[in-house]
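Colleague: Take this sequence and fold it.
(one chain, ligands or ions: 1)
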Amino acid sequence: MPIAHNLGFPPLGPNRELKRATEAYWSGKIPRADLLRTGATLRAAHWRLQRDAGLDLIPSNDFSYYDRVLDTCAMAGAVPARYGLSGGPVDLDTYFAMARGVQAGGRDVTAMEMTKWFDTNYHYIVPEFDRGQTFRLASSKPVDEFQEAKALGFHTKPVLIGPVTFLLLGKTRAAAFDRLELLDALLPVYGEVLARLAAAGATWVQLDEPSLALDRTPQELAAYGRAYRFLAERAPQLKLLVATYFAGLDDSLPTARELPVAGLHVDLVRAPRQLDPLLKTWPKGRVLSLGVIDGRNVWRADLAAALALLERGRERIGADELWVAPSCSLLHVPVDLDLERRLDPDLKGWLAFAKQKLAEVVTLTRAVRDGREAVAGELEANARAIASRRSSRRIHDPAVKQRAGAVGDRDLRRASPHATRRKQQLRLPLFPTTTIGSFPQTAEVRAARKQLHDGKLTPQEYDAFIAEQIARTLKLQEDLGLDVLVHGEFERNDMVEYFGEQLQGFAFTEHGWVQSYGTRYVKPPLIYGDVSRPKPMTVRWSTYAQSRTAKPVKGMLTGPVTILQWSFVRDDQPRAETAKQLALAIRDEVKDLEAAGIRVIQIDEPALREGLPLKRAEWPAYLDWAVNAFRLATSSVSDATQIHTHMCYSEFNDVIRVIEKMDADVISIESARSGSELLDGFREYKYPNEIGPGVYDIHSPRVPSAAEIVAALQRMQAVLHDRQIWVNPDCGLKTRGWDETLAALRNMVQAARQLRPVPAPASAPAGG
Ligand code: ZN
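Modeller: Model (predicted):
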């Protein structure tokens, strides 16, 4: 019989219960027992919900108080020495200290690093490894949660992050070494966990090994074989399901097939083409779990299409070994569409969140098991919804499609090369100073926005408040002596939402929260239709700002790739196409800003790097359309208008050559934390345009001295021409306080001035 199962359920709760309880615990408002009780209540509710949805196999240990990779660190006793744990289990406070650092009671311990989980916007805690380090079982969470479920009548499938992926996700401290050297030391801990799970009565255990589906060396592939031979031997009574997702197995397929495990899960939403090669050689009697429901996006599935894949699977390997699942854990989608009261009913009919996706899995499983007739009603309703979306006028705007279709090479090029443009652009001193856009979003600013939202401020009162913030910030920047000013972005809640709210083709949910990291959740906008810009979005505040000062004020926009990357996007057209539509909307805004007299326009693309596909082979195609989207957005302006862009991330060198193709006049980038590496990149590669590698780290409240900034600038002078160098912080200032911001900027301006050539003393004109 085919089985309906799930890889993981979002832990946060329909009303963000986990966030509230965790933050209350952190601030000392509730005791530990209350937090643990909230956790248990949520787990029970989620198990019940999944059983009621009709799933045959429900996950456990997918719940986490912060992050599952951190849970795995705790499980394996991979606790860095600075947390002072001298043995025994990892307690809750040590666990949170690893996630957040501690600054209390005379202790000052930094948190572990955090980074993006593959190509999602979820961040995991990066394990820290030392050469020759040991591991020990230091958390019984997987077993405890299995037993907790069992006591409630749920026979669950515990989920662990697999040992090879766990090691590959970590970083090596001090001396670099091959993390897989640690595998032999780590495996016995996994062996012990599996043995305990078996003793507790578990049948199936899921081991997440998404890393197996990425580009892998032969040595790495060999490590998978070694790991699973060891585990299969340690826990012969258990059935292991190795779960891959986010990419196709491709070159790893032979390795995956040879693993001595009872089952394999593959992501057919991301990589449907892996099905045929898999089916061709899949051994009899082994489970193949097909992920056919998109765990990364919010659309209702096309059940007929998914069913076609499943039926091919059934034909080849039989119904008994076929499992049906979402493509990956449902962690990346909101919990329940039923909570949405304000979404347009058409649009709502096209969506599915975690709970609705489980119903889809169950419908498909029944169709495979009992035939299509058994679920004829569901299939028909689904086909109707799919057809209505396909043809809806709310989605398809012929004018937008026509305009996008007519984009040609000439729309992607500025009139002249940078060297020519530069001569017509603003006259600025050497080492011009500027900031990245936002100034502190104080409690006062957030309160005003909330009051507007709650109707306690009229739009007029709110606008007056924003105008006053802008005027005040401009004055401060003039007093500091900055060269290119910004308005401060006080009117923006979020750099994507602000634009999404003003564009056609976007919708917003009330409760569509997904975890970004820890207790930080985000509510990504939903791009459901063709995108266009009904009217100017930023011209009003930019021109107001420019009217208040004689210095140039930068117009501030978010770029097409970043808007795409931080939203739930359409799955009915390629991302490249949506990016193009977004680019055209931004292009309109750029033109309007220019027409309104704004001479410097910055289009932020902080997410360009993170949009890189997981496999190298797909990079060139992505970079091609991403760069073209930026160029389409920015190339309509005259030579005299200076285009800036901003990016922030540390692995900049991956895309260093791409920024030249973007052809912005000026790019500012984060570099304060990855400075030397970045400069090495510029040593080998001569960037032609202007660039502002951030001179200090805005993620910390620390105020850099002028001397430090001078030193940073001097390092840049070694690899860049003076006339190329801009002086700016490494990102926006919205998370900082005013005092530290002003102090840091004062030092920054002073540093730039120190580097400028001293003007020659005025002398009497030479006589004849
Ligand atoms: Zn940034």
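
Colleague: Correct me if wrong, but residue 149 is in a helix.
Modeller: Yes - counting by DSSP: H, G, I helix; E, B strand; the rest coil, residue 149 is found in a helix.

Colleague: For it, give me its contacts.
Modeller: Counting by C-beta atoms under 8 Å, 6 or more residues apart in numbering, residue 149 touches 43, 47, 58, 60, 155, 156. (Each C-beta comes from the backbone N, C-alpha and C, glycine too.)

Colleague: buried stuff in stretch 646-658?
Modeller: Neighbour-count burial for stretch 646-658 flags 646, 647, 648, 649, 652, 655, 658 (criterion: 16 or more other C-beta atoms under 10 Å).

Colleague: Residue of the stretch 151-300 of the chain nearest the ion, please.
Modeller: Among the residues of the stretch 151-300 of the chain, residue 171 lies nearest to the ion; the distance is 22.2 Å by C-beta to the ion.

Colleague: could you flag which of the contacts of residue 149 are buried?
Modeller: For the contacts of residue 149, buried by 16+ other C-beta under 10 Å: 43, 47, 58, 60, 156.

Colleague: CA atoms only for the helix or strand bottoming out on mean pLDDT in the chain - export them in CSV, please.
Modeller: The helix or strand of the chain with the lowest confidence, counting by mean pLDDT, DSSP states H and E, is helix 675-684 at a mean of 77. Extracted as CSV, the C-alpha positions of helix 675-684 are listed here (Å, rounded to 0.1, in the frame of the first residue of the first chain):
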residue,chain,number,x,y,z
GLY,A,675,37.6,42.6,4.2
SER,A,676,40.9,40.8,3.3
GLU,A,677,39.3,38.1,1.2
LEU,A,678,37.4,40.8,-0.7
LEU,A,679,40.5,42.8,-1.4
ASP,A,680,42.3,39.7,-2.6
GLY,A,681,39.5,39.4,-5.1
PHE,A,682,40.2,42.9,-6.4
ARG,A,683,43.9,42.3,-6.6
GLU,A,684,43.4,39.7,-9.2
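
Colleague: next one: that helix to chain centre, how far?
Modeller: Offset of helix 675-684 from its chain centre (C-alpha atoms, centre = their mean, to the nearest Å): 25 Å.

Colleague: packing partners for that helix?
Modeller: If you count contacts as 3 or more C-beta pairs under 8 Å, 6 or more residues apart in numbering; DSSP states H and E, helix 675-684 packs onto strand 690-693, helix 706-717.

Colleague: C-alpha coordinates for the first one, PDB please?
Modeller: It stands for strand 690-693. Extracted in PDB, the C-alpha atoms of strand 690-693 (Å, rounded to 0.1, in the frame of the first residue of the first chain):
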ATOM      1  CA  GLU A 690      33.400  53.000  -8.700                       C
ATOM      2  CA  ILE A 691      33.000  51.100  -5.500                       C
ATOM      3  CA  GLY A 692      32.500  51.600  -1.800                       C
ATOM      4  CA  PRO A 693      33.600  48.600   0.100                       C
END
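
Colleague: So is that strand next to the ion?
Modeller: No - Strand 690-693 stays clear of the ion (C-beta under 5 Å from the ion), getting no nearer than 11.6 Å.

Colleague: For that strand, give the mean pLDDT please.
Modeller: Confidence for strand 690-693, expressed as mean pLDDT, is 94.

Colleague: residues in contact with that strand?
Modeller: Contacts for strand 690-693 (C-beta under 8 Å, 6+ apart): 418, 422, 434, 665-669, 671, 675, 678-679, 716, 720, 723-728, 730.

Colleague: quick one: contacts for the residue sitting nearest the centre point of the chain?
Modeller: The centre of the chain sits closest to residue 121, judged by C-alpha atoms, centre = their mean, with a distance of 2.1 Å. For residue 121, the contacting residues are 332, 514, 516, 522, 524, 565, 566, by C-beta under 8 Å, 6+ apart.

Colleague: Please report how far the residue of the stretch 151-300 of the chain closest to the ion lies from residue 208.
Modeller: Counting by C-beta to C-beta, to the nearest Å, the gap from residue 171 to residue 208 is 19 Å.

Colleague: and what of residue 83?
Modeller: 25 Å.

Colleague: More neighbours: which of the two?
Modeller: Ranked by neighbour count (other C-beta atoms under 10 Å), residue 83 and residue 208 place residue 208 first, with 25 against 17.

Colleague: check contacts around the more buried one.
Modeller: 7, 159, 160, 161, 162, 165, 243, 245, 329.

Colleague: Around the ion, which positions in the stretch 651-768 of the chain sit nearby?
Modeller: So far as C-beta under 5 Å from the ion goes, the stretch 651-768 of the chain lies against the ion at residue 731.

Colleague: Taking the stretch 651-768 of the chain, what residue is nearest to the ion?
Modeller: For the stretch 651-768 of the chain, C-beta to the ion, closest residue to the ion: residue 731, 3.3 Å.

Colleague: Per-residue pLDDT of that residue, please?
Modeller: 93.

Colleague: Then residue 115?
Modeller: Confidence score, pLDDT, at residue 115: 89.

Colleague: Am I right that it is in a strand?
Modeller: Yes - according to three-state DSSP, residue 115 belongs to a strand.

Colleague: Bridged to it, which residues?
Modeller: residue 124 (DSSP bridges).

Colleague: ok, back up a step: report the buried members of the contacts of residue 121.
Modeller: The buried subset of the contacts of residue 121 - by 16+ other C-beta under 10 Å - is 332, 514, 516, 522, 524, 565, 566.

Colleague: Among those residues, which lie within helices?
Modeller: Per DSSP state H, helices hold the following members of the buried ones among the contacts of residue 121: residue 565.

Colleague: and the residue lying closest to residue 496 once chain neighbours are set aside, what are its phi and psi?
Modeller: Distances taken as C-beta to C-beta, 6 or more residues apart in numbering place residue 566 nearest to residue 496, at 4.6 Å, with adjacent residues excluded. Residue 566 adopts backbone torsions of phi -100, psi 20, taken as degrees, to the nearest 10.

Colleague: wouldn't residue 566 be in contact with residue 524 here?
Modeller: Yes - under the criterion of C-beta atoms under 8 Å, residue 566 makes contact with residue 524 at 6.1 Å.

Colleague: Give me the common contacts of the two.
Modeller: Contacts common to residue 566 and residue 524, judged by C-beta under 8 Å, 6+ apart, are 121, 496.

Colleague: what about the spatially closest residue to residue 509 that is not a sequence neighbour, neighbour count?
Modeller: Of all residues not flanking residue 509 in the chain, residue 340 sits nearest, at 5.6 Å (C-beta to C-beta, 6+ apart). If you count neighbours by other C-beta under 10 Å, residue 340 ends up with 18.
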